[in-house]
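Asker: Here is a sequence with its predicted model. Questions after.
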Amino acid sequence: MDLIIVESPTKSKTIQKFLGGKYEVLASFGHVRDLPKSTLGIDLENNFTPKYVVSPKARKRITELKKKAKTADNIIISTDPDREGEAIAWHILEVLGLKENQYKRIAFHEITEEAIEEALKNPRFIDMNLVNSQQARRILDRIVGYKLSPLLWKKIAKGLSAGRVQSVALKIICQREDEIKKFVAQEYWTISAFLKNATQQTFEASLIKYNGQDANKDLLQKETAVQKILNELSDVTYKISKIEKKEIRKSPPAPFTTSTLQQDASNKFGFSAKITMSLAQELYEEGYITYHRTDSVNIAATAIENARMFIVKNYGESYLSARVRRYKNKSHLAQEAHEAIRPSHCENTPQSLAKKLNPRLWKLYDLIWKRFLATQAQEAILDVVRVDVTAGNCLFRANGQTLKFDGYLKINPLKLKELAIPELKEGENVFLDKLIPKLHFTDPPPRYTEATLIKKLEENGIGRPSTYAPIISLIQARHYVVKNKTRQFESTDIGEMVNKLLNENFPEIVDINFTAKMEEELDEIAENRKIWTDVLREFYTPFVKQLEQKYQSIKKEPAIQDQVTEKICPNCGGNIIIKFGRFGKFYACSKFPECKYTAPLESPKLDIKCPKCHTGDLIAKKTKKGKIFYACSRWPDCDFALWEKPINEFCPQCNSILSENAKGKIKCSNKNCKFIRTE
C-alpha cells in the first residue's frame, strides 16, 4: 500500500475519501521541526546553517510515520503547494531519513478527485529553491528578532520583541497616527439646491461653479462667501442648460486572492485576517475551495468552462458574458500559486451547503462562490444622466443613475446607489424649492483597519499571502497596536517607543522599500536566480556591525522611569506610581511586591463599589493582549469581573449590576437574566 503524507487530519480524511483503499493517507499535524525557541539556532559562522529541532508534540507522530514508511510500497508527500508547504515536505523527508529515490512529491491547488489523480500521474521531487527561499525568510526573521529584541529589553522594557516585517507594519500605523495628530481641520461649505420641474417632481443639484471658478473648498471656505452667493441666488432664474445621458457598463471584479478575500471578509463580516485564513483553510481541506494562499487572479480553463455552463443553465444565456473573461495579475511578483481562490465545483452552491457548513464557514464560502461565478457573467448596465442648471453666476449639477440590466449583480449583489432624475428638457426653467448651505470640516486621514492595512502592505510589496494574518496578529499580541471601537488600529505608548527606536537607529529595517526589496530577493531565490546564503550574508554583515554600535550609543528611554502620583492605593493605602512595562504605562502600588494592586492608566476607578464583596471598588483592567475588562480592586481576594462596562444601577428583575455594551445597550450583567433596557 502507498503512503501519502499531508499536513492536517482534515485534509487526510478528504483525500482518503477520494482514493479509497489503495492508499493510506496520514497527517504530520503541521510542522514537524523548526528552529529552537530558547536559542538563535543558526550557525552564523558556518554559512548560516540552521539547527532544526523536532518539536516535542511532533515526536510521537514522527515515530508513527517512520513505522508506516518502512512497510509502504511508495511514500508520497502531498503538502500545500507553496513555499511553506514545500519546506514542510522537505522537513518530513529529513526526519524520516528518506533519500531522493525513496519518495515522490505531488501538489495540487484543489482537493478534488480529478486534481489528486492528475497529481499522482505527475509526481516530482522536492523543489529546493522553494525550500531555500522559505529557509531564508525564517532565518532572516529569526536573526532580526533574536538580535534586536535584547536591545529593546535594555533600552525600553523587558519582554519586548522586534520583527522584520511586523516592524514595518507598526511603522505604517505609527506614521498614520502622526499624521492624525498633526492634522488641523479646516471648515468649508457646500450649497445644494432642491429644484422642481413643471410637474412638481423634485431633484437635488449641487453648486459646482461660481463666476466660472470651481466651487471647491477654497472658494467656499468662509461663511461670508457662502452668504454672498446665497444672496445672489435669491432672485434668479434656474434653467436646464445641458443634459447628458449615456449608458455605462460595469464589469465584475477579479476573483479573490488572499489579500482581497481578507479585505472583503473584514469589511463585510468583521472577520480578522487570522479568522478568515482559518476558515479558508478548513474550506480548502474539506475540498470546497482551491488553495487559499495566493496572489494570482488566474483561473483554470476548465473552471471557466464549468462556470459558463453553470450560468447558462441556472441564469440563462442573457447573463453569460459574450467572451471568456480573464484577469491579469497587477503585481509581477504574483507567483505563490497558479490560481485565484474559487470554489472547487460550481455545483456546490451556497444554498446546497447551508446545512453542511457552520454559519461563519458558509458566509466565507458564499463570498468566494459568488465572486468567482460572477467573473463569467454579463456586465451590469447603468443608465447615467448628468443635468447642468444655470442660475445667475452659478452652475449647479445633478447626477443620477439607474440600473438597466443587473448582469453579474444578479449573482454577486454589490451595493449600488440608484438615484432617479425626473424627465427634464434642455432650455426649460425649473423652480427653486429651497437652498441648503451646509458646513463641513475636513477629515484627518483615517486610521488603518485590517482591510486597509493589508491593502497597504500588498501595494508596497510587504509580506506575501501567507504572512498578512501573522503580521497583524503579532503586532496586536505584542500590544504595539490595539483596535478601537470602530475596528481601527491605534498605536500604543509601547508601540510608539519601539517604532521610534527602530526608526531612528535601524531605518533600513523598517524601510518599506528595503523590506519590499528583500521580498523580491526571496522570490529570486525561489526562482533559482540568487543563492539563499548570499542574500543572508548581504543582510547580516552590515546589520550586526550596526547593532554593536547601537548597543553603546542608544540611551535608555527616559519615559520609562517610574512616576510618583498623588493617588492612594485602594488596597493598602500606599502611594500609587506610574510604571512602564511591556504593555505600556500602568498604575501600580509603590509597596510592590507586598501589594500587587495594578490598574490601567486611563480611568482606573469607576466610582462603583464591587457588587459582590461590597468593599472593593470596580476598576478597569487589561488582559495581557490589551483587552479591557472590569474587576474588583480586591482581586484575588474577590474575583468579581465583567467584560462589559458596569454602570451604578441594578437590574429590576434579579438585582445584578447593569452593564453597557459597545453599542450603548444597557443590560443585566447576569448571564442567566435576559433584562435589556428598552427606553
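Answerer: Nice, I can see it. Since we're looking at a predicted model, the values are computed, not measured.
Asker: Outline the domain layout of this protein.
Answerer: Following automatic domain parsing, the chain resolves into domains at 2-126, 136-182+447-553, 187-251+380-441, 258-374, 561-643.
Asker: Now do the second one: distance from first to last residue.
Answerer: By Cα to Cα, to the nearest Å, the extent of domain 136-182+447-553 from end to end equals 30 Å.
Asker: Could you dump the domains of the chain into TSV with mean neighbour count and distance to Phe650 added?
Answerer: (C-beta placed from N, C-alpha, C; glycine too.) Output for these, formatted as TSV (neighbours: other Cβ atoms under 10 Å; distance: least, Cβ to Cβ, whole Å):
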stretch	mean neighbour count	distance to Phe650
domain 2-126	17	48
domain 136-182+447-553	19	26
domain 187-251+380-441	15	41
domain 258-374	19	32
domain 561-643	16	8
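Asker: any idea which of those scores lowest on pLDDT?
Answerer: Among the domains of the chain, domain 561-643 carries the lowest mean pLDDT, at a mean of 81.
Asker: Give me the distance between it and the centre of its chain.
Answerer: 33 Å (Cα atoms, centre = their mean, to the nearest Å).
Asker: Apart from its chain neighbours, what residue comes closest to Asp443?
Answerer: Using Cβ to Cβ, 6 or more residues apart in numbering and skipping the chain neighbours, the partner closest in space to Asp443 is Ala185 (7.6 Å).
Asker: sorry, back to before: using TSV, please lay out the domains of the chain together with distance to Cys651.
Answerer: Listed next are these as TSV, based on distance: least, Cβ to Cβ, whole Å:
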stretch	distance to Cys651
domain 2-126	44
domain 136-182+447-553	25
domain 187-251+380-441	40
domain 258-374	29
domain 561-643	10
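Asker: which stretch among those comes nearest Ile666?
Answerer: Closest approach to Ile666 among those (Cβ to Cβ): domain 561-643, 13.3 Å.
Asker: And the helices in the stretch 151-300 of the chain?
Answerer: Taking DSSP state H, counting those that start in this stretch, the helices of the stretch 151-300 of the chain run over residues 166-182, 223-232, 258-269, 273-285.
Asker: In CSV: those helices, plus distance to Val482.
Answerer: Output for the helices of the stretch 151-300 of the chain, formatted as CSV (distance: least, Cβ to Cβ, whole Å):
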stretch, distance to Val482
helix 166-182, 10
helix 223-232, 39
helix 258-269, 16
helix 273-285, 16
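Asker: which stretches of the stretch 351-500 of the chain form strands?
Answerer: Along the stretch 351-500 of the chain, counting by DSSP state E, counting those that start in this stretch, strands occupy 380-391, 394-405, 429-441, 481-483, 489-491.
Asker: could you dump those strands to CSV with distance to Asn460?
Answerer: CSV is the format used below for the strands of the stretch 351-500 of the chain (distance: least, Cβ to Cβ, whole Å):
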stretch, distance to Asn460
strand 380-391, 32
strand 394-405, 34
strand 429-441, 30
strand 481-483, 18
strand 489-491, 16
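Asker: Of those, which is nearest Gln200?
Answerer: Comparing the strands of the stretch 351-500 of the chain by Cβ to Cβ, strand 429-441 comes nearest, at 8.7 Å.
Asker: Quick check: neighbours of that closest one in the sheet, parallel or antiparallel?
Answerer: On the basis of DSSP bridges, the sheet neighbours of strand 429-441 come out as strand 187-196 (antiparallel), strand 238-250 (antiparallel).
Asker: out of the ones you listed, nearest to Thr79?
Answerer: Here strand 238-250 is closest among those (Cβ to Cβ), at 40.5 Å.
Asker: Strand 394-405 and that closest one, what's the angle between them?
Answerer: 30 degrees (axes from the mean of the first three to the mean of the last three Cα atoms, to 10 degrees).
Asker: distance of the residue nearest to Asp443 from Tyr103?
Answerer: 64 Å (Cβ to Cβ, to the nearest Å).
Asker: now swap in Ile577 and tell me
Answerer: In terms of Cβ to Cβ, Ile577 sits 62 Å off from Tyr103.
Asker: do Asp34 as well
Answerer: From Asp34 over to Tyr103 (counting by Cβ to Cβ), the distance is 21 Å.
Asker: of all the strands paired with strand 429-441, which lies closest to Cys638?
Answerer: strand 187-196 (51.2 Å).
Asker: Next, the angle from the closest one to helix 223-232.
Answerer: Using the same axes, to 10 degrees: strand 187-196 against helix 223-232 is 20 degrees.
Asker: okay but Leu233 is in contact with Gly392, surely?
Answerer: Yes: here Leu233 reaches Gly392: they are 6.5 Å apart, a contact under Cβ atoms under 8 Å.
Asker: Asp264 touches Pro255, doesn't it?
Answerer: No: Asp264 is beyond contact range of Pro255, at 11.4 Å (criterion: Cβ under 8 Å).
Asker: Tell me the residues that contact both of the two, please.
Answerer: Residues touching both Asp264 and Pro255 (Cβ atoms under 8 Å, 6 or more residues apart in numbering) are Arg371.
Asker: on that earlier part again, number of residues surrounding the residue nearest to Asp443?
Answerer: Ala185 has 9 neighbours, counted by other Cβ atoms under 10 Å.
Asker: residues in contact with it?
Answerer: Ala185 touches 441-444, counting by Cβ under 8 Å, 6+ apart.
Asker: same deal with Arg360?
Answerer: Here Arg360 is in contact with 269, 271, 275, 279 (Cβ under 8 Å, 6+ apart).
Asker: swap in Val236?
Answerer: Taking Cβ under 8 Å, 6+ apart, we find Val236 in contact with 391-392, 394.
Asker: ok, it to Gln201 distance?
Answerer: Note on Val236: its distance to Gln201, by Cβ to Cβ, is 21 Å.
Asker: Check Ile494 too.
Answerer: Counting by Cβ to Cβ, the gap from Ile494 to Gln201 is 59 Å.
Asker: Then Leu220?
Answerer: 28 Å.
Asker: repeat for Phe271
Answerer: 43 Å.
Asker: again, but for Glu339
Answerer: 51 Å.
Asker: again with Arg677
Answerer: Distance from Arg677 to Gln201, by Cβ to Cβ: 44 Å.
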